[in-house]
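In: task: produce atomic coordinates for the following.
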Amino acid sequence: MIAIIGAGAAGCFCAIELKRRLPHLDVVAYESASKPLAKVAITGGGRCNLTNSFEGIRSLKEAYPRRDQLLKRAFHTFDNRQLMQWFEREGVRLVTQSDECVFPESQDAMQIVRTLLRNMEQLGVKLCLNHRVIRIEAEKGYRISFADDRQQPVHADAVVVTTGGSPKMSGLDFLQSLQLEMVPPVPSLFSFNISGMSPYMGIVVEPVTASLAGTKFKAQGALLITHWGMSGPAILKLSSHAARYLAENAYKAQLLVNWLGDMGEEKVRILLLEMQQTQSGKQVGNTHLPQISSRWWQALIGRAGIRQEQKWGEVGRKQLNKLVAVLTADTYAIEGQSRHKDEFVTCGGVSLSNLNLNTLEVKAHPGLYLAGEVLDVDAITGGFNLQAAWSMGYVVAQSIASAVAPKKVAEKF
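Out: All right, here's what the predicted structure looks like:
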């Protein structure tokens, strides 16, 4: 029997692929919650951003800040294009948005959930809900114990752990007897608490470049001003890349924002000088740059010490230099982090040093595999985390099938 611990994206996908390859095997998925695929059902605001086109991603490290080498191997076996073909063969029509995020055409995450559960049922995967695993022990294969005393321990020939990320180390205690190396988990994909932003709530600027002062952490994309601070793709990407740095610094740091994307100081200075020459008689507050809304432009010129009613011809050199600095390197104090409502991703988990990276099998425990966010693998927002789960689930299914098939052949002789 193959036991899959965790009926999320990686676990369910692995179970399906396992049964397709080895129909004779008993595959049982144990889920601690009352519903399987709960995270898939709500991701992307309930629309399920199941992958990304990867267009514009020059290096996987851009999407997977810490463990891109593992994903390179996994994608060599099963990548985003193969995933899209997989779902389309199952009757799920997909659409790719302008931001390269891929969704079901129905814009309904439950279509993805139903597709996976239907496959599991048709293939004969047994699904056991409300089964919280509290211990896995290497004992004649593997012995799995549950929190509910009424649920008897089970023995499995192989185990696939796909429980997802745990915000606390205690969430990984069920693996304690296996003595695996762990990386302490910290939050990833969160927005920044910054005081004084509530009057500008709802303003979106795109694209911006957001970075952390004194570091190399940087991200581009849209920025959303909220009542508690700043969010949006640029901030979420930055939080992902700098997750451990921010945790180590108690989520206190200086945020630098280039409100004009990647435009440098000299180009911005030339742009402002042209505006000063062509619109010298107009008020600065009424002649904003097209990338920036009138409401936010007025706030920015105020940060540069320029009055809204001041005319361009009256702007002095020092004021112009200050405005250049505000537009290209506006500084804000990060005072904490807020979890994004649609994302709950962790940086950390089971260290990859435990694994054979080609098969995702634990080197010290043959027959024990791990996939998904339970591992020290995470990504930026945009469908990349789910793609990692699908790919790793597929790799594990292929690995187990490759290990089992020779044994079955040998048994015939």
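In: for the stretch 151-300 of the chain, what spans make up the strands?
Out: Ranges of strands within the stretch 151-300 of the chain are 154-156, 158-161, 182-188, 190-193, 204-212, 218-225, 229-231, 253-258, based on DSSP state E, counting those that start in this stretch.
In: next, the angle strand 253-258 makes with the longest one.
Out: The reference is to strand 204-212. Orientation of strand 204-212 against strand 253-258 (axes from the mean of the first three to the mean of the last three Cα atoms, to 10 degrees) gives an angle of 130 degrees.
In: name the stretch among the strands of the stretch 151-300 of the chain that sits most buried.
Out: Most buried of the strands of the stretch 151-300 of the chain by mean neighbour count (mean count of other Cβ atoms under 10 Å) is strand 158-161; its value is a mean of 27. (Glycine included, C-beta is placed from N, CA and C.)
In: which other residues reach it?
Out: Identification of contacts with strand 158-161 by Cβ atoms under 8 Å, 6 or more residues apart in numbering yields 2-6, 11, 14, 136, 141-142, 144, 175, 350, 367-371, 374, 396, 400.
In: tell me which of the strands of the stretch 151-300 of the chain sits nearest to Val125.
Out: Nearest to Val125 among the strands of the stretch 151-300 of the chain is strand 158-161; the distance by Cβ to Cβ comes to 12.0 Å.
In: list every C-alpha atom in the closest one, with coordinates, as PDB.
Out: Taking C-alpha atoms only, strand 158-161 is exported to PDB below (Å, rounded to 0.1, in the frame of the first residue of the first chain):
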ATOM      1  CA  ALA A 158       5.900   3.500   0.800                       C
ATOM      2  CA  VAL A 159       4.800   7.000   2.100                       C
ATOM      3  CA  VAL A 160       4.500  10.300   0.200                       C
ATOM      4  CA  VAL A 161       4.400  13.300   2.500                       C
END
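In: in the stretch 51-200 of the chain, which spans are helices?
Out: Remark: helices assigned in the stretch 51-200 of the chain by DSSP state H, counting those that start in this stretch are 60-63, 68-77, 80-89, 109-123.
In: Asn258 is nearest to which of those helices?
Out: Across the helices of the stretch 51-200 of the chain, the minimum distance to Asn258, taken as Cβ to Cβ, is reached by helix 60-63, at 17.9 Å.
In: packing partners for that closest one?
Out: Packing contacts for helix 60-63, counted by 3 or more Cβ pairs under 8 Å, 6 or more residues apart in numbering; DSSP states H and E, involve helix 68-77.
In: list the buried residues in the helix it packs on.
Out: Judged by neighbour count using 16 or more other Cβ atoms under 10 Å, the buried positions of helix 68-77 are Asp68, Leu70, Leu71, Ala74, Phe75.
In: what's the distance between the fourth one and Gln398?
Out: Here the distance between Ala74 and Gln398 works out to 10 Å (Cβ to Cβ, to the nearest Å).
In: do the same with Gly285
Out: Noted for Gly285: a distance of 61 Å to Gln398, by Cβ to Cβ.
In: one step back: ok, of the buried residues of helix 68-77, which one's closest to Asn119?
Out: Nearest member of these to Asn119, counting by Cβ to Cβ, is Ala74, at 20.7 Å.
In: wait, doesn't the closest one sit right on Val395?
Out: Yes - contact criterion Cβ atoms under 8 Å: Ala74 and Val395 qualify, at 5.2 Å.
In: so which of the helices of the stretch 51-200 of the chain gets nearest Gly196?
Out: In terms of Cβ to Cβ, the element of the helices of the stretch 51-200 of the chain nearest to Gly196 is helix 60-63, at 31.3 Å.
In: with distance to Val95 and mean pLDDT added, can I get the strands of the stretch 151-300 of the chain in TSV?
Out: Below are the strands of the stretch 151-300 of the chain laid out as TSV (distance: least, Cβ to Cβ, whole Å; pLDDT from 0 to 100):
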stretch	distance to Val95	mean pLDDT
strand 154-156	39	97
strand 158-161	31	98
strand 182-188	27	94
strand 190-193	27	96
strand 204-212	21	97
strand 218-225	20	96
strand 229-231	24	96
strand 253-258	31	98
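In: export those strands as a markdown table, with columns for distance to Gln387.
Out: Below are those laid out as a markdown table (distance: least, Cβ to Cβ, whole Å):
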| stretch | distance to Gln387 |
| --- | --- |
| strand 154-156 | 28 |
| strand 158-161 | 18 |
| strand 182-188 | 16 |
| strand 190-193 | 21 |
| strand 204-212 | 23 |
| strand 218-225 | 18 |
| strand 229-231 | 23 |
| strand 253-258 | 28 |
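In: wait, which of those strands is closest to Leu272?
Out: Within the strands of the stretch 151-300 of the chain, the stretch nearest Leu272 is strand 253-258; the backing value is 14.5 Å (Cβ to Cβ).
In: how close does Ile134 get to Pro184?
Out: 21 Å.
In: list the buried residues for the helix or strand containing Glu17?
Out: Using DSSP states H and E, Glu17 sits in helix 9-21. Buried residues in helix 9-21, counted by 16+ other Cβ under 10 Å: Ala9, Ala10, Gly11, Cys12, Phe13, Cys14, Ala15, Ile16, Glu17, Leu18, Lys19.
In: just stretch 300-314 next, same as before
Out: Leu300, Ile301, Ala304, Ile306, Gln310, Lys311, Trp312.
In: contacts only, for the nearest residue to Gln398 once chain neighbours are set aside.
Out: Distance criterion Cβ to Cβ, 6 or more residues apart in numbering; nearest residue to Gln398, sequence neighbours excluded, is Thr77 at 6.5 Å. Each residue near Thr77 by Cβ under 8 Å, 6+ apart is listed here: Ser391, Tyr394, Val395, Gln398.
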